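S.K.: Fold the stuff below for me.
(one chain, ligands or ions: 1)
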Amino acid sequence: MEKAGIDLFEAMSTLRAVRRLRTDPIPDDLLRKVLTAATWAPSGGNRQPWRFVVLRDPAKKKALRDLYLPHWTTYETDHRPALEKLPEPDRSRMGRNYHTARHLAEHLHEAPVIVVVCVHLPDLAITDAKLDRPSVVGGGSIYPAVQNLLLACRALGLGATLTTLLCMEEPKVRELLAIPPSFVTAAHVPIGYPEGRGHGPLSRKPVEKVAFLDRWDAPLA
Ligand SMILES: Cc1cc2nc3c(=O)[nH]c(=O)nc-3n(C[C@H](O)[C@H](O)[C@H](O)COP(=O)(O)O)c2cc1C
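M.R.: Alright, predicted model coming up:
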């Protein structure tokens with residue numbers, strides 16, 4: 001495999017949700033590289049529970065867009081009041097995010113490819129399943145693969161967004177794509193060449209606020 005030509009730290013620190021995509025097709029070899037990178041991810045017991053349904057079919061992409069858009073509208077309606085209360089510059093930044101997220105919702109079907117990420121439930125080692133709280137460990141066997149896929153997109157000049165709103169429509173997506181009963185949907189990832197700026201600087205909490213030394217809330221340094 002040829003070298004990607006981007007430093008890993010540069011790729012990670014500029015990997016953004018790219019929601020404005022050109023309609024130009026993605027060459028098969030690039031798509032294969034992106035999917036291959038996904039398969040390099042770790043998974044519990046190395047069970048590799050992932051499957052990827054690559055959608056290029058305009059009718060199927062349009063069906064996904066029609067299912068997605070109402071969920072985005074509901075999300076936006078529910079979350080806008082909180083956004084309006086944010087101080088500047090957070091309010092403007094989130095406002096821009098919502099704007100591009102709406103663009104993606106309206107134009108989802110125009111992405112040249114949507115990768116539907118599926119996971120084989122019986123292969124998940126869900127070590128926290130019996131705790132009295134929502135389980136999170138199962139996702140650890142699939143989302144690293146999605147992150148690898150996103151990083152590979154970044155390295156190859158492609159833009160993509162991890163989306164999960166459509167997981168609420170799993171029964172309809174299952175029927176549309178003939179997904180077997182033992183598999184569930186984990187993400188839908190539209191991929192294409194970025195329109196405009198694409199990747200760039202991130203807005204994240206500083207490490208001092210999220211990493212501690214020896215006990216919770218003790219400063220790292
Ligand atoms: C678990 C997960 C679910 C997400 N679901 C959606 C989604 O349904 N639609 C969407 O537009 N973005 C979705 N995103 C993208 C996030 O909104 C995005 O990563 C975050 O706002 C940071 O954006 P940035 O990387 O461009 O800074 C999701 C991200 C994650 C990690």
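S.K.: And for L64, the neighbour number?
M.R.: Applying the criterion other CB atoms under 10 Å, we find 24 residues in the vicinity of L64. C-beta here means a position set from N, CA and C on the backbone, and glycine is covered the same way.
S.K.: Check W50 too.
M.R.: Neighbouring residues of W50 were enumerated by other CB under 10 Å; the total is 23.
S.K.: For it, which non-adjacent residue is closest in space?
M.R.: A145 (4.9 Å; CB to CB, 6 or more residues apart in numbering).
S.K.: got the buried residues for whichever helix or strand that neighbour is part of?
M.R.: Assessed by DSSP states H and E, A145 sits inside helix 143-155. Judged by neighbour count using 16 or more other CB atoms under 10 Å, the buried positions of helix 143-155 are 143-146, 148-155.
S.K.: how close does G159 sit to A38?
M.R.: G159 sits 16 Å away from A38, going by CB to CB, to the nearest Å.
S.K.: Please identify which of the two sits among more neighbours.
M.R.: Between G159 and A38, counted using other CB under 10 Å, the more crowded position is G159 (26 against 23).
S.K.: hey, what's that one bridged with?
M.R.: Going by DSSP bridges, G159 is paired in beta bridges with G192.
S.K.: Run through the residues that contact the residue positioned nearest the centre of the chain.
M.R.: The residue lying closest to the centre of the chain (CA atoms, centre = their mean) is L162, at 1.2 Å. Residues counted as contacts of L162 (CB atoms under 8 Å, 6 or more residues apart in numbering) are 17, 143, 146-147, 150, 187, 189.
S.K.: Taking these, tell me the two that lie furthest apart.
M.R.: Of all pairs drawn from the contacts of L162, the one with the longest distance (CB to CB) is A17 and Y143, at 14.3 Å.
S.K.: re the thing from before, the helix holding A145 - contacts with which helices or strands?
M.R.: Using 3 or more CB pairs under 8 Å, 6 or more residues apart in numbering; DSSP states H and E as the contact criterion, the elements in contact with helix 143-155 are helix 8-13, helix 28-39, strand 113-120, strand 159-160, strand 183-192.
S.K.: Up against the ligand, what does this structure have?
M.R.: In this structure, the chain approaches the ligand at residues 16-17, 19, 97, 101, 104, 161-165, 202-203, judged by CB under 6 Å from any ligand atom.
S.K.: Tabulate these (TSV), appending secondary structure.
M.R.: What follows is these, written out as TSV (DSSP: H, G, I helix; E, B strand; the rest coil):
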residue	secondary structure
R16	coil
A17	coil
R19	coil
N97	helix
A101	helix
L104	helix
T161	coil
L162	coil
T163	strand
T164	coil
L165	helix
L202	coil
S203	coil
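S.K.: What subset of these is buried?
M.R.: 16, 19, 101, 104, 161-163, 165.
S.K.: from the residues you listed, which single one is nearest P49?
M.R.: For those, the closest approach to P49 (CB to CB) belongs to L162, at 17.2 Å.
S.K.: Pull the number of nearby residues for I142.
M.R.: Here the neighbour count serves as a burial measure; for I142 (other CB under 10 Å) it reads 24.
S.K.: How much space separates it from the ligand?
M.R.: Going from I142 to the ligand by CB to the nearest ligand atom, to the nearest Å gives 11 Å.
S.K.: what sits against that residue?
M.R.: Neighbour list for I142: 43, 49-50, 117, 119, 186-187 [criterion: CB under 8 Å, 6+ apart].
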